[in-house]
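> can't give you the sequence, but here's the structure:
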Ligand SMILES: CC(C)(COP(=O)(O)OP(=O)(O)OC[C@H]1O[C@@H](n2cnc3c(N)ncnc32)[C@H](O)[C@@H]1OP(=O)(O)O)[C@@H](O)C(=O)NCCC(=O)NCCS
């Protein structure tokens, strides 16, 4: 069974290894994840199965507008609804640090992620030309704006 928990200091090494495996050169390091633990504007969760991290997602909140900075699921655990559940839990849980509206960038060619975000109700609001390196590619900017409670 997959469970979802907040990222802790015990997870940062394993999280960085999963990042490296999925994002290569652009991966966050252990130190990047450790930094999020000290910030009251950051909210990161991991998906875990049998003790192993199989997914991770996180946000940085600024005045209610939250930037989703990381979304990933282990290759051998994809297409099981983990990312969808993880993002729903992330958005619900991050209300505790004041997040209301959510934004993210995604590679123009990343169809699985684009389909995921659109399924969750994110709407494309523009392009950042040449935003990504390794390889160079445009980013599509998505927003999910929610009513204030
Ligand atoms: C994008 C990613 C996080 C999706 O994770 P996942 O756990 O496989 O996604 P889910 O199983 O929760 O899928 C939810 C929805 O996303 C869409 N989706 C996910 N993978 C898809 C694929 N390969 N093709 C088409 N749609 C896909 C579908 O709409 C799906 O809903 P459905 O099952 O009802 O069709 C995963 O592919 C990943 O880690 N990719 C590499 C890292 C990455 O690109 N992160 C995003 C950076 S912006």
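All right, it came through fine. This is a predicted model, so every value here is computed, not measured.
> How about the residues of the chain by the ligand?
22, 71-73, 78-84, 106, 110-113, 115-116, 119 (Cβ under 6 Å from any ligand atom). For the C-beta atoms, the positions are set from N, CA and C on the backbone; glycine is no exception.
> Among the residues you listed, name the buried ones.
Buried by 16 or more other Cβ atoms under 10 Å: 22, 71, 72, 73, 82, 83, 106, 113, 116, out of the residues of the chain next to the ligand.
> Find the pair from these with maximum spatial separation.
Between any two of those, the greatest separation by Cβ to Cβ is 17.5 Å, found for 82 and 106.
> shaky segments in this protein?
147-149 (pLDDT under 70).
> residue boundaries of the helices in it?
12-23, 30-37, 82-93, 111-119 (DSSP state H).
> how about the nearest residue to residue 141, chain neighbours excluded?
Once flanking residues are discounted, residue 141 sits nearest to residue 126: 4.8 Å by Cβ to Cβ, 6 or more residues apart in numbering.
> in stretch 128-139, what's buried?
Buried residues in stretch 128-139, defined by neighbour count with 16+ other Cβ under 10 Å: 131, 132, 139.
> for those residues, which one is nearest the ligand?
Each of the buried residues of stretch 128-139 was scored against the ligand by Cβ to the nearest ligand atom, and residue 139 proved nearest at 8.6 Å.
> Roughly how far does the closest one sit from residue 113?
11 Å (Cβ to Cβ, to the nearest Å).
> Show me the common contact partners of those two, please.
Common contacts of residue 139 and residue 113 (Cβ atoms under 8 Å, 6 or more residues apart in numbering): 106, 107.
> neighbours around residue 126, how many?
By other Cβ atoms under 10 Å, 10 other residues sit near residue 126.
> Understood, closing this out.
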